[in-house]
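Trainee: sequence-free structure coming up:
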């Protein structure tokens, strides 16, 4: 079945450091890939997405490139802020008929940014 | 516009009881999905409804059921609660159902079974 593997957390960085959170996936077909972020006590927010190979998703300084050859979708940000502290989830959707799909999530990576 | 609203926000139930969780999607969104998030894990897919029809079901026992109403709101029902059902239950809405359109998640209902 489909699966998503994320690097274990927590990841602790100083403000303005470079961030990489690794994500690899296993899926049949051609999945779409997503990064969601969850702030404490809140639901999930879509951060960025990529729907086909070599697409780059980007938002709020975060970016990730869909690499089909390595089945990866690593999240990067050049300079993190304290406000980026949250849990980040990598996810895929592989059964998108336009009216039905499901997301398969990784276990999440907690990011803590300190001053 | 209001986002996805879920009620109640917190709930404590006893083993063996029944629970109903409610979700109102964003206005104009016709698809609602339910996910279970156990503490420290990623969300797991339970159900998806589109235009009041079930479009997908995850690997959950028959104790879990759901429905979508004509106004596109949805209920998730869980019978014969077990301690392992303790989790954050998330509802997500989208315009058409496809994930590529982007799901908007609610803040969830925190269910504790004692």
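Mentor: Great, that's in hand. The structure presented is a predicted model; accordingly, all values stated were derived computationally and were not measured.
Trainee: Tell me how far the closest residue to residue B:53 other than its chain neighbours lies from residue B:10.
Mentor: Distance criterion Cβ to Cβ, 6 or more residues apart in numbering or on different chains; nearest residue to residue B:53, sequence neighbours excluded, is residue B:68 at 7.8 Å. Where you see a C-beta, it was placed from the backbone N, CA and C, and this is true even at glycine. Per Cβ to Cβ, to the nearest Å, residue B:68 is found 24 Å from residue B:10.
Trainee: same deal with residue A:55?
Mentor: Residue A:55 is 39 Å from residue B:10, where distance means Cβ to Cβ.
Trainee: Likewise for residue B:33?
Mentor: 21 Å.
Trainee: which of these two has more neighbours?
Mentor: residue B:33 (31 against 10; other Cβ atoms under 10 Å in any protein chain shown).
Trainee: Beta-bridge partners for the more buried one, please?
Mentor: The partner list for residue B:33 in beta bridges (DSSP bridges) reads residue B:48, residue B:92.
Trainee: Would you check that it makes contact with residue B:44?
Mentor: No - Residue B:33 is beyond contact range of residue B:44, at 11.3 Å (criterion: Cβ atoms under 8 Å).
Trainee: got the contact list for the closest residue to residue B:64 other than its chain neighbours?
Mentor: Of all residues not flanking residue B:64 in the chain, residue B:78 sits nearest, at 5.5 Å (Cβ to Cβ, 6+ apart). Counting by Cβ atoms under 8 Å, 6 or more residues apart in numbering or on different chains, residue B:78 makes contact with B:18, B:19, B:21, B:63, B:64, B:65, B:85, B:111.
Trainee: which one of the residues you listed is nearest residue A:109?
Mentor: If you rank the contacts of residue B:78 by distance to residue A:109 using Cβ to Cβ, residue B:111 comes first, at 24.7 Å.
Trainee: For the most centrally placed residue in chain B, list the residues it contacts.
Mentor: The residue lying closest to the centre of chain B (Cα atoms, centre = their mean) is residue B:34, at 3.1 Å. Contacts of residue B:34 were listed using Cβ under 8 Å, 6+ apart, and they are B:23, B:45, B:46, B:47, B:48, B:66, B:74, B:76, B:89, B:90, B:91, B:92.
Trainee: now it: how far from chain A?
Mentor: 10 Å (Cβ to the nearest Cβ, to the nearest Å).
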